[in-house]
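Asks: Pasted the sequence and its predicted model underneath.
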Amino acid sequence: MDIQQKLSGFYKAITDEAQKQKSEIFTDMRNKIKKNFDDAFQNFCHDAEKKISSEKLILNQRLNQSISNESAIARKNLFALRNQLKTELFDESEKMLHDFVLTPEYIQFMKTKLEKIDNNLLVEISKFDENLLAFIKNNFTLKFFKSDEDFIGGVKIYLHDSKIVVDNSLLSKLENVKQNFNIFKLPNF
């Protein structure tokens with residue numbers, strides 16, 4: 001073998017070895033790059049999940065706070081509306097009682113009440129209850145006097161010169177119903 005062939009064989013062996021090393025280095029570098037990329041991607045995904053969880057928690061807290069605030073406003077508005085309706089209801093009820101006192105049915109209603117009162121008791125009638133005043137004068141021998149107050153109708157009864165007063169006025173009954181009023185159930189009369 002001559003030198004040229006030997007050189008050519010040596011060149012081929014070196015080139016093959018260099019190609020083999022080059023291939024190993026490239027494979028090694030590709031594996032390192034892939035591992036570094038995979039590690040970086042995993043870290044990025046982990047950090048992103050933590051950030052997403054943190055943001056989700058903050059958004060849930062804001063949502064819950066908004067729901068709580070809106071719920072409080074709705075309860076406040078509902079309470080105000082309930083009070084407005086309650087006021088309107090009792091104002092209308094009071095007007096209807098004032099109208100009732102002017103009817104013949106009221107006199108019949110009071111007749112049954114007055115018949116149960118002992119003649120020795122003192123009876124107070126409402127300031128503007130003129131129809132009842134005339135009816136008592138004409139039909140009963142009760143001791144009575146006209147009040148300085150307007151308690152719509154009905155009577156207040158004073159027991160045997162004592163300080164005990166039985167308040168059977170329509171205004172006191174209305175006030176009692178108003179104090180014990182619950183919009184979710186009917187009152188007991």
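Replies: Received it, and whenever you're ready, just let me know what you need. On a predicted model such as this, the values are computed, not experimentally measured, just so you know.
Asks: Remind me what the longest helix along the chain packs against, helices and strands.
Replies: For the chain, the helix that runs over the most residues, judged by DSSP state H, is helix 3-101. For helix 3-101, the packing partners by 3 or more Cβ pairs under 8 Å, 6 or more residues apart in numbering; DSSP states H and E come out as helix 170-179. From N, CA and C alone the C-beta is placed, and that goes for glycine too.
Asks: what inclination does the helix it packs on have with respect to helix 3-101?
Replies: If you take axes from the mean of the first three to the mean of the last three Cα atoms, to 10 degrees, helix 170-179 sits at 170 degrees to helix 3-101.
Asks: And the contacts of helix 170-179?
Replies: Helix 170-179 has contacts (Cβ atoms under 8 Å, 6 or more residues apart in numbering) with 86, 90, 93-94, 97, 101, 150-154, 187, 189.
Asks: Helix, strand, or coil at I152?
Replies: coil (DSSP: H, G, I helix; E, B strand; the rest coil).
Asks: Can you give me every residue that contacts it?
Replies: So I152 contacts E94, L97, H98, V101, S126, S169, L170, L171, L174 (Cβ under 8 Å, 6+ apart).
Asks: same thing but 7 Å
Replies: E94, L97, H98, V101, S126, S169, L170, L171 (Cβ atoms under 7 Å, 6 or more residues apart in numbering).
Asks: Good, we can wrap up now.
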